[in-house]
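A.B. asks: here are the coordinates; sequence isn't available:
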RNA sequence: CGGGGCGUAGCACAGUUUGGUAGUGCGCUCGGUUCGGGACCGAGAGGCCGUAGGUUCAAAUCCUAUCGCCCCGACCA
């Protein structure tokens, strides 16, 4: 392909990045990200890369024994409602509605559709196992798209679903897909980790995320030197085993905090470290109010709290419920004198003379100590892990890394096959739900991750397997007839040899073309100039290493390089 | 949905506090000199300042509304 403005618009005016994250990392990193989203959203370059990634995925899915299907959204609303994940669908519509009431025909996910489809097509255990996948655009009305192409409302996803007669079959599928994913991401040139993850809304027993370390990701991975590895959502920590605190005071003392209700306000105004503050959050556990205590610099992990409290349903209480439970408006809750069950994080066991809400408007308490001033119903790990926490398996301290999720695999079990209906008759003639797994890859995130992992100050350094072009031919002096002629021959030769090359045949200064080539970053640059041509040579440059070599013109034309 | 910010030429922005002729850089057009790492000189083209009202002799600038975008938070199959 030849260089053109539609292929690559002017790269000189790349917008300055306004995001705080990229400012911290320097403008250049922001530029790369901008470029990444540009490459994806409107340039043929991004399209070529996506096709290459998709080809790799297809090959590996084929190797793993999965078959490609296409799942349309043409499904009655009842199907979508059966799983219990959707409540607000129109009765007679096949399309989803977003919050603005607009209908859309791209699905957010396809568990329901595939389960119904397979359910109506399998009868016997002989029809199983099945493993089906598709690569399709999905639409999710995300509250907050961000980071260029990393989180968008519409995105490309490879999703696969396996159906088995028994757990052993599911395990085998899960294993096969996990291996296929490793091969896919490796082939795409990514450095990734596989971490245990939360099953979240999907339900099911087990799931793992494929994570790429990247400053623009939205997820955090906790790891220890000794090998502990888990998503921050589910990471647990070891008991710090605080010795009971020895308070200096004799008892809690109230003080006025007019209109100060957040941790920051109090800590700033009264010079109290957030770690010495007892943050008290009111939750509704199966309809009854409970209190959760963590230090001022921690966040409650609701699924951990749910477990400790032994609740099925858990949600944050609203203003009315808080008033009812504590006698004070939001922002002044504290554990002292509360009538509802109190669940404390381990951290609280180490606080002597802490600061907390007084359960009275515009008042807080100081000199509050657990055991003496209040007694929790239970203490345990109820917050998200932080940098420096003990790993739960005693393998050292936890470290948190910002990561981007590029793939996620789940053992779903029978949640969907039971609710939607995908049953088969086993050898004994008994009717049983199929055991399912599901497996997703964010295709455009693979592209984004590849750029984030492979760039330098000058631009992208595409991994070979997914580079939009294998090489770029640059004429140093395009108006010199011999140069243009030699470059044309190389272009024809490489194209005939089946190589994907971009020919920068613009009549631009050499420096402009070199810089553009580095910015777009194809693995190899073939530089044709008068000087070397006189000796029958051209310069071949490796984008990644910067190394150059003089190669015979004839050899380059033959496509052997 | 809550908090904050921004809409000015193809792109990136200044000008708004204190109302008074529409600006800069890149890109674009023409001429010339250059030409192996983002050249230089000269001459140009291009904008009812997001939109709609209002205040005023006068509005990019002040006020109100509205639309759109971005950031922070909540959410995230």
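C.D. replies: Okay, I see it. Quick caveat, the model's predicted, so the values are computed rather than measured.
A.B. asks: can you tell me the centre-most residue of chain A?
C.D. replies: Centroid check for chain A by C-alpha atoms, centre = their mean gives residue A:405 as the closest residue, at 2.8 Å.
A.B. asks: how far does the strand or helix carrying that one sit from its chain's centre?
C.D. replies: Following DSSP states H and E, one finds residue A:405 within strand A:398-413. Relative to the centre of its chain, strand A:398-413 is centred 7 Å away, using C-alpha atoms, centre = their mean, to the nearest Å.
A.B. asks: neighbouring strands - and their directions - for it?
C.D. replies: Strand A:398-413 pairs in its sheet with strand A:206-213 (antiparallel), strand A:219-224 (antiparallel), strand A:435-442 (antiparallel), by DSSP bridges.
A.B. asks: most neighbours per residue, which of the ones you listed?
C.D. replies: strand A:435-442 (a mean of 25; mean count of other C-beta atoms under 10 Å). Bear in mind the C-beta positions are built from the backbone N, C-alpha and C, glycine included.
A.B. asks: contacts for that strand next, please.
C.D. replies: Residues outside strand A:435-442 that contact it (C-beta atoms under 8 Å, 6 or more residues apart in numbering): A:57, A:111, A:115, A:133, A:155-167, A:169-170, A:173-174, A:177, A:181, A:184, A:202, A:210, A:405-417, A:422.
A.B. asks: now the helix or strand residue A:292 falls within: mean pLDDT?
C.D. replies: Following DSSP H and E, one finds residue A:292 within strand A:288-295. For strand A:288-295, the mean pLDDT works out to 91.
A.B. asks: on that earlier part again, among the strands paired with strand A:398-413, which is nearest residue A:350?
C.D. replies: Among these, strand A:219-224 comes nearest to residue A:350, with 20.8 Å by C-beta to C-beta.
A.B. asks: touching RNA strand B at all, that closest one?
C.D. replies: No: judged by C-beta under 7 Å from any atom of the strand, strand A:219-224 and RNA strand B are separated, with a smallest distance of 8.0 Å.
A.B. asks: ok, then the element right after that strand?
C.D. replies: Assignment by DSSP H and E places the next element after strand A:219-224 at strand A:229-231.
A.B. asks: that following strand: how far from the chain's middle?
C.D. replies: On C-alpha atoms, centre = their mean, the centre of strand A:229-231 falls 13 Å from the chain's centre.
A.B. asks: mean confidence score for whichever helix or strand comes after the strand holding residue A:405?
C.D. replies: As assigned by DSSP H and E, the chain's next helix or strand after strand A:398-413 is helix A:415-416. Taken as a whole, helix A:415-416 has a mean pLDDT of 90.
A.B. asks: distance between helix A:415-416 and the chain's centre?
C.D. replies: The chain centre lies 24 Å from the centre of helix A:415-416; the measure is C-alpha atoms, centre = their mean.
A.B. asks: after it, which helix or strand is next?
C.D. replies: Under the assignment DSSP H and E, the closest C-terminal helix or strand after helix A:415-416 is strand A:423-425.
A.B. asks: for that next one, buried residues please.
C.D. replies: A:423-424 (16 or more other C-beta atoms under 10 Å).
A.B. asks: and it, what does it pack onto?
C.D. replies: The elements that strand A:423-425 packs onto, with contact taken as 3 or more C-beta pairs under 8 Å, 6 or more residues apart in numbering; DSSP states H and E, are strand A:431-433.
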